[in-house]
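In: build me a model:
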Amino acid sequence: MKRHSYFISGEFDPSKRCDIDCGLGQECQWIDGEEMCICSESSCQEDNLRNEPVCASNNMTFASKCAMEAWKCLNSRSGLYIKYHGQCQSLCYCFILY
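Out: Okay, here's the model as predicted:
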């Protein structure tokens, strides 16, 4: 079975059910008669997902790991990873006075 990741606005058949798991931030759709994984933030709306903010390696806060994975897919940023859970802290360039 082929697995493709795309951001596509082409025609798809919502009546067909896909048999592949595309992972977080993607959903499977039938496009032109083929199962394809497409980048999708809407796939993150399921109730069973943990919706806690995460701080990514690009210092952006995402509402959830799934939202980060969808952004990573949409922007072709395969190296993006979670630095820590919670909102990103702003960088502080503080000076210590002696």
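
In: where in this protein is pLDDT low?
Out: 1-16, 46-50, 91-98 (pLDDT under 70).

In: all strands for it, in order.
Out: 5-6, 26-31, 34-39, 54-56, 61-62, 82-85 (DSSP state E).

In: which of the ones you listed sits closest to Ala70?
Out: strand 34-39 (5.9 Å; Cβ to Cβ). The C-beta positions use only the backbone N, C-alpha and C, and glycine is treated the same way.

In: and that closest one, what does it pack against?
Out: strand 5-6, strand 26-31, helix 65-74 (3 or more Cβ pairs under 8 Å, 6 or more residues apart in numbering; DSSP states H and E).

In: closest to Ile20 out of these?
Out: Closest approach to Ile20 among the helices and strands packed on strand 34-39 (Cβ to Cβ): strand 26-31, 5.3 Å.

In: and the angle for the closest one with strand 34-39?
Out: 140 degrees (axes from the mean of the first three to the mean of the last three Cα atoms, to 10 degrees).

In: packing partners of strand 26-31?
Out: For strand 26-31, the packing partners by 3+ Cβ pairs under 8 Å, 6+ apart come out as strand 34-39, helix 65-74.
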